[in-house]
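Peer 1: with the sequence up front, the predicted model follows.
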Amino acid sequence: MKYLIVILTIFRLSSALCSQEIYQKSKNKDIEALAKEYTQLKAKRKALAPGVFDKDLSGAGGRLQQVLSELGLQLGIPDYRREDIIRLMGQPDAVMRAGDYQPGSLGHSATGSIISKEVEHLVYFWRGWHDYLYFISKNGTIQRTEWYFAGE
């Protein structure tokens, strides 16, 4: 009976580990698919003629904003490093470093702040400098993501 309990316990643990591994692989595929879609949308936005409006690229709730938001939710945790973000999403549109000014965002603080030492903001544009997602990296480890909304 003792051996049966041990065997069942081992079976349950291995099943749980297998399930976790399958879940993690599935999550990674989802992130990679989102990152690929982001890259495609970004290329489409760059190719768009000046003055042409495309709801999916610039509209509130459009696909580009949705994809950026989801990438921010999934990648904006300390499980990821600066290199992971760049590998998945490509080079940021801008990098803000220690001493740079991060303006306050609509719906957040009315005043901005100076970026502290050992911190970088990896900026990915939604609508240029008006609205963008940024990953806060400290010593190369992602801490969280934030949106900047100009509110203009």
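Peer 2: Perfect, I can see it now. Numbering: from 1, shown residues only.

Peer 1: contacts, neighbours, all on C-alpha from now
Peer 2: Will do.

Peer 1: what is the least confident helix or strand in this protein?
Peer 2: The weakest-scoring helix or strand in the chain, judged by mean pLDDT, DSSP states H and E, is helix 2-47 (a mean of 67).

Peer 1: immediately after that one, which helix or strand?
Peer 2: Once helix 2-47 ends, the next helix or strand along the chain (criterion: DSSP states H and E) is helix 55-58.

Peer 1: and that next one, C-alpha only, in CSV?
Peer 2: The C-alpha trace of helix 55-58 is given here as CSV (Å, rounded to 0.1, in the frame of the first residue of the first chain):
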residue,chain,number,x,y,z
LYS,A,55,-8.7,52.9,-37.3
ASP,A,56,-6.7,49.7,-36.6
LEU,A,57,-3.5,51.6,-36.4
SER,A,58,-4.4,54.9,-34.8
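
Peer 1: hmm, residue 63 is touching residue 56, no?
Peer 2: Yes - shown here, residue 63 and residue 56 form a contact pair, counting by C-alpha atoms under 8 Å, at 4.7 Å.

Peer 1: where does the residue most central in space within the chain sit: helix, strand or coil?
Peer 2: Against the mean C-alpha coordinate of the chain, by C-alpha atoms, centre = their mean, the closest residue is residue 72 at 2.8 Å. Put simply, residue 72 is helix when judged by DSSP: H, G, I helix; E, B strand; the rest coil.

Peer 1: what helix or strand does the residue nearest to residue 126 when sequence neighbours are not counted sit in?
Peer 2: Leaving aside its sequence neighbours, residue 126 sits nearest to residue 132 (C-alpha to C-alpha, 6 or more residues apart in numbering; 5.0 Å). In the assignment (DSSP H and E), residue 132 maps to strand 131-138.
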